[in-house]
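1. Here's a sequence, model it:
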Amino acid sequence: MALRVKSSSKNGHNEIGRIIPIFSPFALAFILGKNRATLAVLTYLLQGAIGLPVFATGNFGILYLLGPSGGYLWGFAAATYLTGHLFERARGQASYKIFLSILAGNGVIYLLGAAQLSLFLGCRSALLFGVLPFLFTDMLKSLFLYQGVLRLSPNYRSHRK
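-> Okay, the predicted model is just below:
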């Protein structure tokens with residue numbers, strides 16, 4: 001989780017940082033399984049909470065986790081667990097369920113992120129600035145990861161069979 005690409009969006013009042021980890025929660029869930037992957041993400045959050053500058057733009061601290069962007073970070077942990085659980089259930093089943101698992105994880109991140117952001121900006125602004133700008137790129141990342149999972153694992157069968 002320490003390797004990441006940083007991007008941000010300005011909403012006029014404050015900057016909403018968005019971390020796009022190279023090893024996203026979904027990739028961790030696939031590689032490590034739901035429990036170990038969730039533990040890895042929680043360790044990442046703990047590192048930031050105790051003062052290591054691991055969050056977007058070098059931010060850190062418990063206040064950052066409680067601030068406008070914190071919900072997305074908490075969402076990473078919840079999404080990792082959910083996606084890992086769904087991955088495990090999808091083994092041996094149709095491969096499209098992997099893609100649906102990734103989308104469900106994205107939904108959890110958006111839900112928790114926008115919910116916490118709405119405490120600072122209101123619901124409408126949280127959706128406009130904290131969800132909508134990222135839908136397209138997150139869909140592309142989801143498709144990319146889906147293809148990677150299918151190539152790396154023989155445990156999922158094609159829905160065309």
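2. Figure out how far the helix or strand encompassing Tyr72 is from the centre of its chain.
-> Using DSSP states H and E, the secondary-structure element containing Tyr72 is helix 70-90. The gap between the average C-alpha position of helix 70-90 and the chain average comes to 7 Å, counting by C-alpha atoms, centre = their mean, to the nearest Å.
3. Any idea how far the following helix or strand past that helix is from the middle of the chain?
-> The first helix or strand that comes after helix 70-90 along the chain, using DSSP H and E, is helix 96-121. Distance of helix 96-121 from its chain centroid, counting by C-alpha atoms, centre = their mean, is 7 Å.
4. Now do helix 96-121 and helix 70-90, the angle between them.
-> Following axes from the mean of the first three to the mean of the last three C-alpha atoms, to 10 degrees, one obtains 160 degrees for the angle between helix 96-121 and helix 70-90.
5. Tell me which other helices or strands helix 96-121 touches.
-> Secondary structure elements in contact with helix 96-121, counted by 3 or more C-beta pairs under 8 Å, 6 or more residues apart in numbering; DSSP states H and E, are helix 25-32, helix 70-90, helix 123-130, helix 135-152. For every residue, glycine as well, the C-beta is placed using N, CA and C.
6. of those helices, which approaches Leu45 most closely?
-> Evaluated with C-beta to C-beta, these place helix 70-90 nearest to Leu45, the distance being 5.9 Å.
7. And for Leu45, the neighbour number?
-> Each residue near Leu45 was counted by other C-beta atoms under 10 Å, and the total is 19.
8. hang on, it packs against Gly75?
-> No - under the criterion of C-beta atoms under 8 Å, Leu45 makes no contact with Gly75, lying 10.8 Å away.
9. before we move on, back to that, mind listing what's buried along the helix holding Tyr72?
-> Neighbour-count burial for helix 70-90, with 16 or more other C-beta atoms under 10 Å as criterion, is recorded at 70-87, 90.
10. between the helices and strands packed on helix 96-121, which gets nearest to Leu103?
-> helix 135-152 (6.2 Å).
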